[in-house]
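1. need the 3D shape of this:
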Amino acid sequence: MSLVLLTNARQYAGPGAVASLLHDGHTVACHDASFVDVSARAEFQEQYPAHALEAQTPETVHAEVVARWGIPDAVVSNDVHPIVQNEVGTSAPSWDLQ
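-> Numbering: from 1, shown residues only. Okay, here's the model as predicted:
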């Protein structure tokens, strides 16, 4: 069983990612901005058998994970910046791969 660190567990692809990782038998340490609130961490852990981290900065997230479980086997960086909203039907940029 491997240890996976997942960022933004409640946003973007986070809910699907945590569910899939847990289903595949991984131990999942989850970061989310909402986890500064104790009740948000508890609510998340009631929904998922994962570990909601209190830490928020990259350095403190890493330190919390290493202190509790050791170095993670994988990191799922579930981050998007900047978030761009497009209307449905808006074409994606064309990529010239030639």
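2. how far does stretch 4-13 stretch from start to finish?
-> Criterion C-alpha to C-alpha, to the nearest Å; first-to-last residue distance in stretch 4-13 is 15 Å.
3. residues contacting Asp32?
-> Residues near Asp32 by C-beta atoms under 8 Å, 6 or more residues apart in numbering: 7-11, 14, 40, 44, 52. In short, each C-beta sits where N, CA and C put it, glycine included.
4. got a winner among the residues you listed for most neighbours?
-> Ala9 (28 neighbours; other C-beta atoms under 10 Å).
5. do a quick rundown of the strands in the protein.
-> 3-6, 27-30, 51-52, 74-76 (DSSP state E).
6. among those strands, which is nearest Ala67?
-> Comparison of the strands of the chain against Ala67 by C-beta to C-beta identifies strand 27-30 as nearest, at 11.0 Å.
7. helices of this protein, start to end?
-> In the chain, the segments counted as helices under DSSP state H are 14-23, 38-47, 58-68.
8. ranking these by burial, who's on top?
-> Neighbour counts (mean count of other C-beta atoms under 10 Å) averaged over each of the helices of the chain peak at helix 14-23, with a mean of 16.
9. and that one, what other elements does it pack with?
-> strand 3-6, strand 27-30 (3 or more C-beta pairs under 8 Å, 6 or more residues apart in numbering; DSSP states H and E).
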